[in-house]
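K.L.:
Give me the fold of what follows.
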Amino acid sequence: MNMPDLILGCLAAALGLWYAALGISAIKHLRDADEMDKVVGWSLWWCLDLKRYDEEGQRICKHGLAIAVASILLWILVYAA
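P.N.:
Residues are numbered from 1 along each chain as shown. Coordinates of the predicted model:
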């Protein structure tokens, strides 16, 4: 692995951690969710179902989606090189 791949991989991993942190912060913006849904119902696909969130949660979801796409593209660059 060369240095540019290492840098891209670290950046992609950092974006993935940011995505996870956004997902955790979006939990409190779930509409009509019981405690079990807030604790267990969170998954890596949390940002795809905007209608489950209030307005602030939807904003977080849109940011999360952009970060997820950026991270995926960076991982593709790492493994395609």
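K.L.:
in this structure, which helix or strand is least confident?
P.N.:
helix 35-40 (a mean of 68; mean pLDDT, DSSP states H and E).
K.L.:
can you pull out the helices in the chain?
P.N.:
In the chain, helices defined by DSSP state H lie at 3-26, 35-40, 55-80, listed in chain order.
K.L.:
and the angle from the last one to helix 3-26?
P.N.:
Spelled out, it's helix 55-80. 160 degrees (axes from the mean of the first three to the mean of the last three CA atoms, to 10 degrees).
K.L.:
Distance-wise, check residue 60 relative to residue 50.
P.N.:
In this structure, residue 60 lies at 10 Å from residue 50, with CB to CB, to the nearest Å as the measure. (C-beta placed from N, C-alpha, C; glycine too.)
K.L.:
give me the low-pLDDT residue ranges for this structure?
P.N.:
By pLDDT under 70, the low-scoring segments of the chain are 1, 37, 39-42.
K.L.:
Out of the helices of the chain, which gets nearest to residue 46?
P.N.:
Across those, residue 46 has its closest neighbour in helix 3-26 (4.6 Å, CB to CB).
K.L.:
Report the backbone C-alpha coordinates of that closest one in PDB.
P.N.:
Backbone C-alpha positions of helix 3-26 (Å, rounded to 0.1, in the frame of the first residue of the first chain) are rendered in PDB as follows:
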ATOM      1  CA  MET A   3       1.100   6.600   0.900                       C
ATOM      2  CA  PRO A   4      -1.800   8.100  -1.200                       C
ATOM      3  CA  ASP A   5      -3.800   5.000  -0.600                       C
ATOM      4  CA  LEU A   6      -3.100   5.100   3.100                       C
ATOM      5  CA  ILE A   7      -4.200   8.800   3.300                       C
ATOM      6  CA  LEU A   8      -7.400   8.100   1.300                       C
ATOM      7  CA  GLY A   9      -8.100   5.000   3.500                       C
ATOM      8  CA  CYS A  10      -7.600   7.100   6.700                       C
ATOM      9  CA  LEU A  11      -9.900   9.800   5.400                       C
ATOM     10  CA  ALA A  12     -12.500   7.300   4.300                       C
ATOM     11  CA  ALA A  13     -12.400   5.700   7.800                       C
ATOM     12  CA  ALA A  14     -12.700   9.100   9.500                       C
ATOM     13  CA  LEU A  15     -15.700   9.900   7.300                       C
ATOM     14  CA  GLY A  16     -17.200   6.500   8.400                       C
ATOM     15  CA  LEU A  17     -16.800   7.400  12.000                       C
ATOM     16  CA  TRP A  18     -18.400  10.800  11.400                       C
ATOM     17  CA  TYR A  19     -21.300   9.100   9.700                       C
ATOM     18  CA  ALA A  20     -21.800   6.800  12.700                       C
ATOM     19  CA  ALA A  21     -21.600   9.800  15.100                       C
ATOM     20  CA  LEU A  22     -24.300  11.600  13.100                       C
ATOM     21  CA  GLY A  23     -26.500   8.400  13.200                       C
ATOM     22  CA  ILE A  24     -26.200   8.300  17.000                       C
ATOM     23  CA  SER A  25     -27.100  12.000  17.300                       C
ATOM     24  CA  ALA A  26     -30.100  11.500  14.900                       C
END
